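Student: what follows is a predicted protein model with its sequence.
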Amino acid sequence: MSDEFDPGLRRLFSATAEHPADEAFVSAVTARTSRQRWRAPIARGLAGAIVLAVAAAALGLVLDQSARVITPLLYASPASVAVGLGLVIAGVVCFRLLAPLASRP
Amino acid sequence: MTPSALAGAAEASVVALAVAGDHRAFAELVRRRQGMVRELMRRLCGDRAFAEDLAQQAFIQAWCQLGRLRSPGAFGSWLRAIAVNIWLQEARRAPARLEIPEQDLPEPDPEGLDPAELAAARLDLSRALLRLKAPERVCVVLAYAEGLSHGEIAEATGWPLGTIKSNVTRGAQRLRAWLSPQGDHHE
């Protein structure tokens, strides 16, 4: 202990010190830690299951909501019509270019 | 390791066993360290039953967090820091439970006290401690009851050294004033 501490108070604390030590306290603590030992893995498992369930529910909700938004856009947007037309034209061009190659002996 | 072998083993070895999940080794650590933790909580709380409950909580938290203990040799100071933390949390959560209203306190003389006088001195000191603010109380108790240096108190509480020094000085001054024959007039 540092010398700068008050010696009178130091003596008072020392004189009034108790040093409790009994097996009842040890038993009380170990009884609680034993319960803790079994509870901790169960609690961890439960927490993991809850997190997974919440994540799955959130993902389902997001997919459901985005499908509701995207599907009408896909059918109604002029861009999607243009993309569709572009794909048809690209298909015809490919057919015209590849057909002679396929008919050669 | 048998219980009798555990009783004679070095603390670092017992801590290593407890970290590995040995429940009997942890019980041995509780047996060895209960005096320190219970005495610390008694000084800080005043109320014995509440102090015992907080001391148990400190050991339970230590058991749950043993995996975080970096060095088995540091178990004592690590456990003390857990106990201090638990008490500080309680002081923040329910400060009224850990304080008593102001009252006059006679001066106890620790030299040559008979059992009745010793009990009175213990009660007076306990009451005076309860009148200190939580940061002062924890610093004074760690300095005077636990015999820690300012640096060790800073380590246990996580507070800056300057804060520790001023809390110890101010807290000790107040205790002296309250325990003097003039009581509150010194404050």
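Tutor: All right, it came through fine.

Student: show me what the longest helix along chain B is packed against.
Tutor: Using DSSP state H to define each element, chain B has its longest helix at helix B:23-45. Judged by 3 or more C-beta pairs under 8 Å, 6 or more residues apart in numbering or on different chains; DSSP states H and E, helix B:23-45 is in contact with helix A:23-76, helix B:3-8, helix B:11-19, helix B:48-64, helix B:75-93, helix B:115-131. In short, each C-beta sits where N, CA and C put it, glycine included.

Student: show the pLDDT at the residue in chain A that chain B sits nearest to.
Tutor: Distances between chain A and chain B by C-beta to the nearest C-beta are smallest at A:Ala15, namely 3.7 Å. The confidence metric pLDDT takes the value 87 at A:Ala15.

Student: also the one 3 residues further on?
Tutor: Confidence per residue is given as pLDDT, and for A:Glu18 that number is 86.

Student: tell me the secondary structure at it.
Tutor: Following DSSP: H, G, I helix; E, B strand; the rest coil, we place A:Glu18 in the coil state.

Student: I figured it hits B:Arg42, correct?
Tutor: Yes: if you go by C-beta atoms under 8 Å, A:Glu18 and B:Arg42 touch, sitting 6.8 Å apart.

Student: which one's more surrounded, those two?
Tutor: Counted by other C-beta atoms under 10 Å in any protein chain shown, A:Glu18 and B:Arg42 do not tie: B:Arg42 has more neighbours, with 24 against 12.

Student: which residues of chain A lie near chain B?
Tutor: Counting by C-beta under 8 Å from any C-beta of the partner chain, chain A comes close to chain B at A:1-2, A:5-6, A:8-23, A:25-26, A:28-30, A:32-34, A:36-37, A:40.

Student: how many residues are close by the residue of chain A closest to chain B?
Tutor: 18.

Student: how close does it sit to A:Gly8?
Tutor: Distance, A:Ala15 to A:Gly8, by C-beta to C-beta, to the nearest Å: 11 Å.

Student: so where's the chain shaky on pLDDT?
Tutor: The chain I'm using is chain A. A:1-3, A:37-38, A:70, A:73-74, A:77, A:102-105 (pLDDT under 70).

Student: that answer is for a different chain, and I need it for chain B
Tutor: Checking chain B against pLDDT under 70 turns up B:1-4, B:99-122, B:181-187.

Student: closest to the centroid, which residue in it?
Tutor: The residue lying closest to the centre of chain B (C-alpha atoms, centre = their mean) is B:Leu40, at 2.2 Å.

Student: tell me how far the spatially closest residue to that residue that is not a sequence neighbour lies from B:Glu28.
Tutor: What sits nearest to B:Leu40 in space, not counting adjacent residues and going by C-beta to C-beta, 6 or more residues apart in numbering or on different chains, is B:Ala83, at 5.6 Å. Between B:Ala83 and B:Glu28 the computed distance is 18 Å (C-beta to C-beta).
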